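Colleague: sharing a sequence plus its predicted fold:
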Amino acid sequence: MNAPETFSLAAAEPHVMPTYGRLPLALAYGRGCWVWDTEGRKYLDGLGGIAVNTLGHAHPKLVPALQDQIAKLIHSSNYYLVPLQEQLAARLCELAGMTNVFFCNSGLEANEAALKIARKYGHDRGVDRPEIVVYESAFHGRSIATLSATGNPKVQAGFAPLVEGFVRVPLNDASAIEAVARTNRNVVAVFLEVIQGEGGINPATVPYLREVRRICDERGWLLMLDEVQCGMGRTGKWFAHQWAGIKPDVMPLAKGLGSGVPIGAVVCGPKAADVFKAGNHGSTFGGNPLAMRAGVETLRIMEEEGLLENAARVGAALKRGLEEGLAGVAGVTEIRGQGLMLGIELARPCGALLGRAADAGLMLSVTAERVIRLVPPLILSADEARQMVAILVPLIRDFLAEPQ
Ligand SMILES: Cc1ncc(COP(=O)(O)O)c(C=O)c1O
């Protein structure tokens with residue numbers, strides 16, 4: 001077995017399953033908002049590992065903390081108390097105004113736990129076939145249950161039979177969910193992303209979120225907000241729903257919570273916190289000391305460095321720069337999002353921009369076929385945001401000027 005630094009990608013037999021469309025480059029290391037590939041090329045990181053690297057790369061406070069933790073204890077077991085779980089759970093509850101947390105290892109696991117909570121919540125209330133309201137264009141993960149909740153036929157193709165018990169409605173359409181409330185006695189929960197990420201950076205509006213909260217209160221449903229992508233300070237508040245002044249009953253988190261160390265969490269309020277009893281759910285790795293330390297340190301450093309305020313300020317400047325640079329350009333449909341979660345929707349599919357942006361020294365993603373997505377580290381500086389605009393605007397202009 002070769003050490004990673006001597007491993008030749010070109011010479012390797014492809015043994016990794018081809019589940020991803022990948023660019024032909026490999027990243028070797030990073031500093032702050034910059035990454036370098038194995039050929040020494042440098043990139044500005046507008047992707048942050050898909051909204052994961054909250055603190056950028058090799059953060060000088062995070063690295064020694066994780067080294068310290070690795071030297072002490074990486075994994076113990078949920079057979080025993082894990083004090084760092086209590087520490088992280090207490091802080092998350094304080095920030096969210098909620099009460100209890102279950103820890104796991106990823107976004108889909110957090111969502112899977114949320115779906116189980118909703119079903120058991122229903123059964124505990126005598127609903128034998130509980131149903132959950134989910135959304136068109138939603139993305140909740142790729143396990144059988146979470147891909148069934150996902151509103152993208154491409155993600156579901158080939159995996160029937162899907163998990164039943166979901167009722168799908170369009171986002172931001174109050175009359176659609178009101179109709180479900182009037183007619184469906186089996187519904188026990190509503191499950192939505194405050195800003196749909198994979199679906200193309202589609203925000204739920206503040207009035208819509210308030211209306212859904214009201215309906216959930218009236219009906220005794222759980223409001224479950226998937227903040228896996230939009231949470232953890234990305235929009236300029238700790239959690240995106242806080243812009244609407246509401247609180248969910250269940251909030252799955254993952255991605256940015258560990259700054260790159262795999263982690264997932266389901267934060268619950270009083271209505272949902274005591275649904276799971278001993279033996280109802282579990283995970284071998286969930287809540288391990290390394291991931292918990294990553295979470296504790298991420299929150300601490302975010303606060304110390306004012307990263308919520310930075311995400312709001314630099315995100316607004318980035319959006320403004322893109323709006324100015326792309327003003328009047330035919331084929332730019334909309335620039336939307338909040339803080340450092342931005343989408344530029346084009347009038348035509350633009351997957352080709354992924355490789356072109358990399359060639360120009362910028363990491364980004366394209367989602368929902370036509371939406372360029374920027375979800376950089378929350379440490380992005382105003383100058384780096386300007387550099388991002390300077391690379392991206394001409395790329396988009398040139399792309400849109402090409403004949404179709
Ligand atoms: C909103 C949302 N929920 C869940 C997931 C799934 O997370 P993971 O890939 O960690 O399973 C994602 C991933 O993109 C997501 O954006």
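Modeller: Structure's in. What do you need?

Colleague: now V206. Nearest residue, chain neighbours left out?
Modeller: A244 (4.5 Å; CB to CB, 6 or more residues apart in numbering). (C-beta placed from N, C-alpha, C; glycine too.)

Colleague: can you name the residue of this structure nearest the ligand?
Modeller: Nearest to the ligand in the chain, going by CB to the nearest ligand atom, is G107, at a distance of 2.1 Å.

Colleague: how many residues are close by A113?
Modeller: 25 (other CB atoms under 10 Å).

Colleague: that one: which element?
Modeller: Assigned by DSSP states H and E, A113 belongs to helix 107-124.

Colleague: now do the buried residues in that helix.
Modeller: For helix 107-124, a neighbour-count test (16 or more other CB atoms under 10 Å) marks 107-122 as buried.

Colleague: just the element for the closest residue in space to G233 that isn't next to it in sequence, please.
Modeller: The shortest distance from G233 to any non-neighbouring residue, by CB to CB, 6+ apart, is to L308 (4.9 Å). For L308, the host element (DSSP H and E) is helix 307-326.

Colleague: swap in R293?
Modeller: In the assignment (DSSP H and E), R293 maps to helix 289-304.

Colleague: contact partners of that helix?
Modeller: Helix 289-304 has contacts (CB atoms under 8 Å, 6 or more residues apart in numbering) with 54-55, 59, 61-62, 65-66, 69-70, 72-76, 82, 84-85, 87-88, 91-92, 95, 103, 105, 232-233, 256-263, 265, 285, 307-308, 378.

Colleague: now, which of those lie close to the ligand?
Modeller: Contacts with the ligand are made by none of the contacts of helix 289-304, judged by CB under 6 Å from any ligand atom.

Colleague: ok, and the closest non-adjacent residue to L225?
Modeller: Counting by CB to CB, 6+ apart, L225 lies nearest to P248, which is 4.0 Å off, once chain neighbours are set aside.

Colleague: what about the one you found, how many neighbours?
Modeller: Neighbours of P248 using other CB under 10 Å come to 30.

Colleague: from memory it sits against L223, does it?
Modeller: Yes - counting by CB atoms under 8 Å, L223 is a contact partner of P248 at 4.8 Å.

Colleague: circling back: quick one, what contacts the residue nearest to G233?
Modeller: L308 makes contact with G233, G236, K237, W238, M302, L378, according to CB under 8 Å, 6+ apart.

Colleague: would you confirm that the first one contacts L307?
Modeller: Yes - in this structure G233 lies within contact range of L307 using CB under 8 Å: 5.6 Å.

Colleague: between those two, which contacts overlap?
Modeller: T54, L378.

Colleague: any stretches of the chain with poor pLDDT?
Modeller: Confidence mapping of the chain against pLDDT under 70 gives the ranges 1-12.

Colleague: tell me where it has helices.
Modeller: 48-51, 62-72, 83-96, 107-124, 144-149, 153-156, 174-183, 206-219, 289-304, 307-326, 353-359, 382-401 (DSSP state H).

Colleague: does stretch 157-172 come close to the ligand?
Modeller: No - judged by CB under 6 Å from any ligand atom, stretch 157-172 makes no contact with the ligand; its nearest approach is 13.0 Å.

Colleague: buried stuff in that stretch?
Modeller: Quick answer for stretch 157-172 (16+ other CB under 10 Å): G165, F166, V167, V169, L171, N172.

Colleague: got the end-to-end distance for stretch 150-160?
Modeller: End-to-end distance for stretch 150-160: 13 Å, by CA to CA, to the nearest Å.

Colleague: who's in contact with the residue of the chain closest to the ligand?
Modeller: H140, G141, D226, V228, Q229, P252, A254, K255, G264.
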